[in-house]
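*Asks:* generate a structure from the sequence data that follows.
(2 chains)
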Amino acid sequence: MQGTLSVSVWRGGEAGSFQSYEVPRRGNQTVLDVVTYVQRKLDGSLSYRFACRVGMCGSCAMMVNGRPRWTCRTRVSRVASSGKLTIAPLRNLPVIKDLTVDMTDFFDKWAKAGGVFKPTATRAEDFAAIRPTDSKRRHADAGIECIGCGICYAACDVVAWKPGYLGPAALNRAWTLVNDTRDGNGAARLRAVAGDDGCLACHSQQGCQEHCPKHLNPTAAIAGLKRAVAVAALKGRL
Amino acid sequence: MSAEKLQTCLWLVQRISASVLAVAVAVHLITIIAAVQGGLTAAEIIARVGGNGAWAAFYGVFVVAAAVHAPIGVRTVLQEMTPLPNFFVNALSALFGIGLLIMGLDAVSILYRLGGG
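*Replies:* Below you'll find the model as predicted:
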């Protein structure tokens, strides 16, 4: 592959600006390759995050031409047909520097949504036998592959409008645990995800589902939480 | 009642009132399309609906459903689009709902009385 890419990269903190670079085009080049080229060859002061480079760790998410994407698995040929790339830090999260955002709020909200598994059995007991075909297990399986990349959080307009909103990833995690029959924190978790900052705030716009690189559907998980919360309220268990 | 339970109840009430409104709006529109023959005039509406207890009850339910449904939505819009503290958001939404209820029920009552009811 010949030619160069015209790349605009966000530099600085919240009040930064875009800086332009020319990067050689390569066959099968990913957006992460482009960012790495800028840092290694053009400007060593560029800050960004990555680890596994194979779509497992969820650390390299950035805004690419206005959309949140996992950059290690995003081919340049798919997103920059015109030869231009604009790379910015993830939306809805405070910028630390350049392409690095502060994920503290994002992960704190997982804890607020009751994202921690509370076992009901002890080590002395045998393994729980759960059929893979069990309907609750299927609901949990549908959301369990989340890699915590923050792309759904960046894609969500409700997070942008309402900073307290727990967000799609935390609520998806809560839904997998609501459907985990081994978990013993169900009532407290439903209380945690009910209310104005929880699942009821979701407008079902499905930006999370549209952008999730793992093709999960947090909107469906949130709809499940809404039903569970409504039933709990009607039965006086909230 | 806990805040979570109250907010969940508001969410549920908004959905229940939406289902009432869906039926009420459909009946209202179909009736208008079917009944209006000589142009939409106040005289024709009063002649058709005024003084009729069944229509007054129908529009009374319509008004109550709208007065419950709309302020809960306005509350969400204010929470998302303005920096107002929750107390003001709740107060403004409640005032909006009370206003809708008073004006709506007043209109239904006047229509009923104008028709000789």
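
*Asks:* buried residues, stretch B:60-76. List them.
*Replies:* For stretch B:60-76, the neighbour count (16 or more other C-beta atoms under 10 Å in any protein chain shown) marks B:62-72, B:74-76 as buried. From N, CA and C alone the C-beta is placed, and that goes for glycine too.

*Asks:* nearest to B:Gln14 among the residues you listed?
*Replies:* Set against B:Gln14, the nearest of the buried residues of stretch B:60-76 by C-beta to C-beta is B:Ile72 (4.2 Å).

*Asks:* how about the lengthiest helix in chain B, does it reach chain A?
*Replies:* Ranked by residue count under DSSP state H, the longest helix found in chain B is helix B:3-35. Yes: residues of helix B:3-35 contacting chain A under C-beta under 8 Å from any C-beta of the partner chain: B:Ala3, B:Glu4, B:Lys5, B:Gln7, B:Thr8, B:Cys9, B:Trp11, B:Leu12.

*Asks:* would you convert the residues you listed into TSV that also reports pLDDT and neighbour count?
*Replies:* Below are those laid out as TSV (pLDDT from 0 to 100; neighbours: other C-beta atoms under 10 Å in any protein chain shown):
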residue	pLDDT	neighbour count
B:Ala3	90	12
B:Glu4	90	22
B:Lys5	91	18
B:Gln7	95	23
B:Thr8	95	27
B:Cys9	95	15
B:Trp11	96	22
B:Leu12	96	16
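
*Asks:* with respect to chain A, which of the buried residues of stretch B:60-76 is nearest?
*Replies:* B:Thr76 (7.7 Å; C-beta to the nearest C-beta).

*Asks:* contacting residues around the closest one?
*Replies:* Going by C-beta atoms under 8 Å, 6 or more residues apart in numbering or on different chains, B:Thr76 touches A:Ala201.

*Asks:* and it, that's in a helix?
*Replies:* Yes: the assignment for B:Thr76 is a helix, going by DSSP: H, G, I helix; E, B strand; the rest coil.

*Asks:* which residues of chain A lie near chain B?
*Replies:* By C-beta under 8 Å from any C-beta, the part of chain A that sits against chain B consists of A:158, A:161-162, A:191, A:194-196, A:198, A:200-201, A:226, A:229-230, A:232-234, A:238.

*Asks:* how much space between the spatially most central residue of chain A and chain B?
*Replies:* Taking C-alpha atoms, centre = their mean as the criterion, A:Gly150 is the residue nearest the geometric centre of chain A, at 2.6 Å. Distance, A:Gly150 to chain B, by C-beta to the nearest C-beta, to the nearest Å: 21 Å.

*Asks:* that residue against A:Pro89, yeah?
*Replies:* No: with contact defined as C-beta atoms under 8 Å, A:Gly150 does not count as touching A:Pro89 (10.5 Å).

*Asks:* which neighbours do these two have in common?
*Replies:* Residues touching both A:Gly150 and A:Pro89 by C-beta under 8 Å, 6+ apart: A:Val101.

*Asks:* mark which of the residues of chain A next to chain B are part of helices, please.
*Replies:* A:Val158, A:Trp161, A:Arg191, A:Lys226, A:Val229, A:Ala230, A:Ala232, A:Ala233, A:Leu234.

*Asks:* and the fourth one, what does it touch?
*Replies:* In this case it means A:Lys226. A:Cys199, A:Leu200, A:Cys202, B:Trp11.

*Asks:* same deal with A:Ser20?
*Replies:* By C-beta under 8 Å, 6+ apart, the contact list for A:Ser20 reads A:Ser6, A:Val7, A:Ser8, A:Val9.
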